[in-house]
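Participant: Pasting the sequence and the predicted coordinates here, then a few questions.
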Amino acid sequence: YVAGSDLPPDWVIARESGGDYTAINPTGCGGRTCGGRYQFDPNTWGGYGGYQYAQDAPPDVQDARAREVWAGGAGCSHWAACA
């Protein structure tokens, strides 16, 4: 990962969604539907910004949540691409 970066790096985004803010993976989160550009598990997303699912939120809201979870690279383990 890139320590100190604001958002997950492009290689994480490419693997998770190809950069598509509306992407949905119905089986990639232990049977739960992951979605959005960063493929948030609904539990991690937690209704952020008033949106039930990440893929329903506008790009700026998805980016804001990704910044929080990424935490300068400390949150890399939240993404399969970092495993």
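Facilitator: On my side now, so go ahead. Numbering: from 1, shown residues only.
Participant: Going by C-alpha atoms from here, please, whenever you check contacts or count neighbours.
Facilitator: Fine.
Participant: Using the three-state scheme, assign the nearest residue to Gly75 once chain neighbours are set aside.
Facilitator: With sequence-adjacent residues excluded and distances taken as Cα to Cα, 6 or more residues apart in numbering, Gly75 is closest to Val69, at 5.6 Å. Assigned with DSSP: H, G, I helix; E, B strand; the rest coil, Val69 falls in the helix class.
Participant: Count residues in the vicinity of Val69, would you?
Facilitator: A total of 21 residues lie near Val69 under the criterion other Cα atoms under 10 Å.
Participant: again with Ala54
Facilitator: Using other Cα under 10 Å, Ala54 is surrounded by 31 other residues.
Participant: Next one, pLDDT for it please.
Facilitator: Note on Ala54: pLDDT of 96.
Participant: That one contacts Ala64, correct?
Facilitator: No. Counting by Cα atoms under 8 Å, Ala54 stays clear of Ala64, with 11.1 Å between them.
Participant: May I ask you to name the longest strand in the protein?
Facilitator: Counting by DSSP state E, the longest strand found in the chain is strand 24-29.
Participant: and that strand, how far out from the chain's middle?
Facilitator: 12 Å (Cα atoms, centre = their mean, to the nearest Å).
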